[in-house]
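Engineer: Sequence below, structure please.
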Amino acid sequence: MSTRIAFLKGHGTENDFVIVPDPENAIDLPPAAVAALCDRRAGIGGDGVLHVVRSAAHPEAREMAAEAEWFMDYRNGDGSVAEMCGNGVRVFARYLQRAGHVTEGDLAVATRGGVKTVHIAKDGDVTVGMGKAFLPEGDVTVSVGERSWPARNVNMGNPHAVAFVDDLAHAGDLLAPPPFSPPTAYPDGVNVEFVIDRAPGHVAMRVHERGSGETRSCGTGACAVAVAAARRDGADPAVTGTPATYTVDLPGGTLVITERPDGEIEMTGPAVIVAEGEIDAEWLENAAL
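Structural biologist: Predicted coordinates for the structure are as follows:
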C-alpha cells in the first residue's frame, strides 16, 4: 500500500462520503478499514466510502467497462458493501468532474446496481438516471416501539420499506434498524423510510439506512418514497401516461424525483466536494487489522 493515500470529502444533501480515488484498484479496503475511515471521532467521518475505480480494473465491473469507464465501489459506513447509493452517484460524478475525468453533460457510472446515466448541469445540480423501481408483492410492516405501520416494498437496486406516518418524530431515534415483518421480506436487511405529506407532490422523510443508521439523506430512499407516494396517490405514470414528480425534503436538503411512463426514474439534487487531503497509510493498515 502506498504511504500516501489521497482522499476527498463530499456530500449530497448532507449524505456525506469519504472519496478514495484508486483508478487501478490498488488500495485494499477491507470492512474494518472502511468503518475506521467513516468513524466521525477517530477517522475522517462519513456515511460511506466512494472507492473510485476504473471499471476495467475491478472484477465486479469489468463486464460494464464498455459502457462506463468508472465504477463506484460503494461501501456503507460499517464497511459492508452496498448495491447502490443515489446521493453517492452524484458526489462520485462531481469528483470525476473536479479531477478532470469528465466535463459538464452526460456520463455513465458503473455500480453494483447496474450502469447509471448521469447529467452534470451548468447550474451545478446533478441528475442521475436511477433505473426502474421493482415493487415486490406481499404485505410488509415496520415498527418503532409500540407503533407499527404498513410499508410499501420498493427495490431501487437496493431494498426499501416506505411507511407513511402522521409525524416524523414517530420514527424515534433510528439508531437501531426498525423491526420489520415478515422477516423473509428482506433477508439482507432493508432501508426504512418514514414519510409525511407537506403538500400535493411534496413530502418529507427520515431514513434508517442499512449499515449506516439514520442519515441526513438517501437518494435511492427518496426515489422509493416518490414511487410509493405515486402509487398511493393514484399517479402511477405507467397507468396515467403522465410523469409523476415529487419534491422530497430530507434532513439534509431537497431532492426532486421524476418517474416517467416507461418506469425510468430521475433524481436531481446538489453534490459538493468540501475538502481533500491524505490518509496516513500506516493508520489505515492498522485499522484494517
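Engineer: give the contact list for Ile273.
Structural biologist: 8-10, 19, 91, 94-95, 98 (CB atoms under 8 Å, 6 or more residues apart in numbering). In short, each C-beta sits where N, CA and C put it, glycine included.
Engineer: can you list the weak-confidence ranges in the protein?
Structural biologist: Across the chain, the stretches falling below the confidence threshold (pLDDT under 70) are 1-2.
Engineer: quick one: the helices in it?
Structural biologist: In the chain, the helices defined using DSSP state H lie at 31-38, 86-98, 219-232, 237-240, 281-287.
Engineer: Kindly reformat those as TSV containing distance to Ser148 and mean neighbour count.
Structural biologist: Formatted as TSV, the entries for the helices of the chain read as follows, by distance: least, CB to CB, whole Å; neighbours: other CB atoms under 10 Å:
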stretch	distance to Ser148	mean neighbour count
helix 31-38	31	22
helix 86-98	27	26
helix 219-232	17	27
helix 237-240	29	14
helix 281-287	39	15
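Engineer: Make JSON lines out of these and add distance to Val142.
Structural biologist: Written out in JSON lines, the entries for the helices of the chain read as follows (distance: least, CB to CB, whole Å):
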{"stretch": "helix 31-38", "distance to Val142": "25"}
{"stretch": "helix 86-98", "distance to Val142": "21"}
{"stretch": "helix 219-232", "distance to Val142": "12"}
{"stretch": "helix 237-240", "distance to Val142": "26"}
{"stretch": "helix 281-287", "distance to Val142": "34"}
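Engineer: which one of those lies closest to Leu175?
Structural biologist: Of all those, the one in closest proximity to Leu175, counting by CB to CB, is helix 31-38 (15.7 Å).
Engineer: Just the CA coordinates for that closest one, please, in PDB.
Structural biologist: Included here for helix 31-38 are C-alpha records, laid out as PDB according to Å, rounded to 0.1, in the frame of the first residue of the first chain:
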ATOM      1  CA  PRO A  31     -14.600  -3.600   6.000                       C
ATOM      2  CA  ALA A  32     -12.600  -2.700   9.200                       C
ATOM      3  CA  ALA A  33     -10.700   0.000   7.200                       C
ATOM      4  CA  VAL A  34     -13.800   1.400   5.700                       C
ATOM      5  CA  ALA A  35     -15.500   1.600   9.100                       C
ATOM      6  CA  ALA A  36     -12.400   3.300  10.500                       C
ATOM      7  CA  LEU A  37     -12.400   5.900   7.700                       C
ATOM      8  CA  CYS A  38     -16.200   6.600   8.400                       C
END
